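Q: pasting the sequence and the predicted coordinates here, then a few questions.
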Amino acid sequence: MNLGKILLLLLLPVLVSLEAEEIRIAASDLLADYIEAPLEVYGEDNDLTFTIDSIGSLPALDRLRSDEIDLAIIAVPDGDEVPRQEFSVYPFVYDVAVIAVNESNPIDEISLPYLGGIFGSNEEYNFNTWGDMNLSGWGNRNIKPLAGTREGGIALELFRYTVFKGGVMKPNVAMVKDSEIEDLLRSDAASIAILSNLSEKSQVKVLMVSEEEGAPAFGPSEDNVHYGDYPISLAFYIVYNERDELKLRPVVRELLNDDVAASLRQNDLVPLPDAVRRKLLLDLDLK
């Protein structure tokens, strides 16, 4: 055996050890782009490479079951079962639909059935004027419903799924780009809008929402969304096979850290409350 082959055989274990470990992730296409950059930074610092596929939740679960991936981030609609018996599961983030009006509007809260009466056909109620809702001092002022549209966003679909019984939007609901809808709210006191994010502009008021008329209403804060009090939300979970606990525990810690939470907030998603994330991180450490 010549000297070159001997040196290659001696170096081979070193070269293999230097190769970064691959972590295969399938994430809902609603948020995959928002976790990629923080994970890439983490991978560079820890000799890991992340392969992130942006696919739907059901295909992601199928790939996890067949060992094609290591970890999945899935959406679980309200009422569906979280697969806790099959996988290790951690809550991760939420998507919401936000309801907003002009700040001069005296209304502060609204119920899901009343929202159905404003935006939907064939619902329990049918409201065309603010006076129909017994809004004091607003008489026959027509309600002007707006729906914000954003590429890749699901606020409208989430609203329909949560609010409508008939499932059909009224024809008078104006579809408006998310970037323009808040200016319309500010300029028209009679308008009400479905948004994908909390308003940061003055003269716009976000409403609290209740499940039923007369029930307690809650705003879309991180705590209210996480604990299930704000009703128009969709939960996402981190899931993986328990046998991979040691391998994936550092990755789960990274997904729950402040940098990823900040990236999610910047993209109109609602991360876990800070106190909840701290508790989950502590639980991971104690494992």
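A: Received, thanks.
Q: which residue packs closest to the residue sitting nearest the centre point of the chain, ignoring adjacent ones?
A: Residue closest to the mean C-alpha point of the chain, counted by C-alpha atoms, centre = their mean, is D95 at 2.4 Å. Nearest residue to D95, sequence neighbours excluded (C-beta to C-beta, 6 or more residues apart in numbering): L234, at 4.6 Å. Quick note: C-beta positions are derived from backbone N, CA and C, even for glycine.
Q: for D70, same thing?
A: Using C-beta to C-beta, 6+ apart, the closest residue to D70 is R24 (4.9 Å).
Q: do you know how far M169 is from A147?
A: Computed with C-beta to C-beta, to the nearest Å, the distance linking M169 and A147 is 7 Å.
Q: between these two, what contacts are shared?
A: F119 (C-beta atoms under 8 Å, 6 or more residues apart in numbering).
Q: assess the claim that P83 and Y240 are in contact.
A: No - if you go by C-beta atoms under 8 Å, P83 and Y240 don't touch, sitting 10.9 Å apart.
Q: so for those two, which sits in the more crowded spot?
A: Y240 (23 against 17; other C-beta atoms under 10 Å).
Q: phi and psi next, for that one.
A: Phi and psi for Y240, reported as degrees, to the nearest 10, are phi -160, psi 170.
Q: pretty sure it sits against I74.
A: No - with contact defined as C-beta under 8 Å, Y240 does not reach I74; the gap is 10.9 Å.
Q: neighbours of the residue nearest to D95, how many?
A: 24.
Q: what residues are up against it?
A: 75-78, 94-96, 154, 158.
Q: what lines up beside the helix or strand it falls within in the sheet?
A: Taking DSSP states H and E as the criterion, L234 maps to strand 233-240. Strand 233-240 pairs in its sheet with strand 71-76 (antiparallel), strand 88-96 (antiparallel), by DSSP bridges.
Q: of all the ones you listed, which lies closest to E109?
A: Nearest to E109 among the strands paired with strand 233-240 is strand 88-96; the distance by C-beta to C-beta comes to 15.8 Å.
Q: what's the next secondary structure element after that closest one?
A: With elements assigned by DSSP H and E, the helix or strand that comes after strand 88-96 is strand 98-102.
Q: pairing partners for that following strand, with directions?
A: strand 191-195 (antiparallel), strand 204-206 (antiparallel).
Q: how about the helices of this protein, start to end?
A: Remark: helices assigned in the chain by DSSP state H are 3-18, 32-45, 57-65, 112-119, 155-163, 178-187, 222-226, 245-255, 258-266, 274-286.
Q: between these, which gets nearest to G139?
A: helix 112-119 (16.7 Å).
Q: by contact count, what packs against the closest one?
A: strand 144-149, helix 155-163, strand 208-210 (3 or more C-beta pairs under 8 Å, 6 or more residues apart in numbering; DSSP states H and E).
Q: repeat that for 7 Å
A: On a contact count with 3 or more C-beta pairs under 7 Å, 6 or more residues apart in numbering; DSSP states H and E, helix 112-119 meets helix 155-163.
Q: and the angle from the helix it packs on to strand 71-76?
A: 60 degrees (axes from the mean of the first three to the mean of the last three C-alpha atoms, to 10 degrees).
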